[in-house]
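Colleague: missing the sequence, but the structure's below:
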């Protein structure tokens, strides 16, 4: 049973458990964000949305019996993508891939970034979009994938690696900062030129 210890003993004593107004409001908000993001958000991201602590959100999700999606087991014929570490090129590792029916993919030589991007994106893609279901047609797959990447992943979903902002919001803030730095540079440059001009051409008495 997903009830707190205090609520359980209160029930044993014959007392009825009553939520406070704050708990009711938090439960309602947590439930709304949970289903808004199609069960993809756990306590961390809902806490970021509500600007409150994870413990309070965890308690609210427990009261509402909200369970975020879990990653499914890897099936045969899956592609296992890694960097070029010696452990992944080892005979024993490749033998295990063969035994369990997995296909190996290794990042390009001298490129340490493509693997990180693949790991980060595809882990979310499989866990949040595909889950344990299948698409009924190629057209359905294209529509759902486009909607997830362009409509949700880039514009709405909060990413822990960029301060719980969406990529679109993060890029917008980055552009603003870069513009401010550029303006500050030109102001400083013009000020320097003006000072140098005054020092060189000021009249000598």
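Modeller: Nice, I can see it. Nothing here was measured: the structure is a model prediction, and the numbers come from that model. Numbering: from 1, shown residues only.
Colleague: Phi, psi for the residue most central in space within the chain please.
Modeller: Residue closest to the average C-alpha location in the chain (C-alpha atoms, centre = their mean): residue 159, at 2.9 Å. Main-chain torsions, residue 159, degrees, to the nearest 10: phi -110, psi 130.
Colleague: now do residue 103
Modeller: phi -100, psi 140.
Colleague: That one bridge partners, please.
Modeller: Beta-bridge partners recorded for residue 103 (DSSP bridges): residue 79.
Colleague: Pull the residues that contact stretch 85-99.
Modeller: Defining contact as C-beta atoms under 8 Å, 6 or more residues apart in numbering, one finds that stretch 85-99 is touched by 80, 82, 103, 104, 106. The C-beta positions use only the backbone N, C-alpha and C, and glycine is treated the same way.
Colleague: quick one on the thing from earlier: from memory the residue nearest to the centre of the chain sits against residue 169, does it?
Modeller: No - judged on C-beta atoms under 8 Å, residue 159 makes no contact with residue 169 at a distance of 9.7 Å.
Colleague: Show me the strands in this protein, by range?
Modeller: 79-82, 103-106 (DSSP state E).
Colleague: What is the first one packed up against?
Modeller: Counting contacts by 3 or more C-beta pairs under 8 Å, 6 or more residues apart in numbering; DSSP states H and E, strand 79-82 is packed against strand 103-106, helix 114-124.
Colleague: Mean pLDDT lowest where, among the strands of the chain?
Modeller: Mean pLDDT across these is lowest at strand 79-82; the value there is a mean of 82.
Colleague: picking that back up, minimum distance to residue 142: which of the strands of the chain has it?
Modeller: Proximity to residue 142 (C-beta to C-beta) singles out strand 79-82 among the strands of the chain, at 19.5 Å.
Colleague: buried stuff in the closest one?
Modeller: Buried residues in strand 79-82, counted by 16 or more other C-beta atoms under 10 Å: 81, 82.
Colleague: Just name the shakiest helix or strand of the protein by mean pLDDT.
Modeller: helix 5-12 (a mean of 63; mean pLDDT, DSSP states H and E).
Colleague: For residue 156, see how far away the residue nearest to residue 145 when sequence neighbours are not counted is.
Modeller: Spatially, and ignoring its direct neighbours in sequence, residue 145 is nearest to residue 129 (7.1 Å; C-beta to C-beta, 6 or more residues apart in numbering). Between residue 129 and residue 156 the distance is 13 Å, computed by C-beta to C-beta, to the nearest Å.
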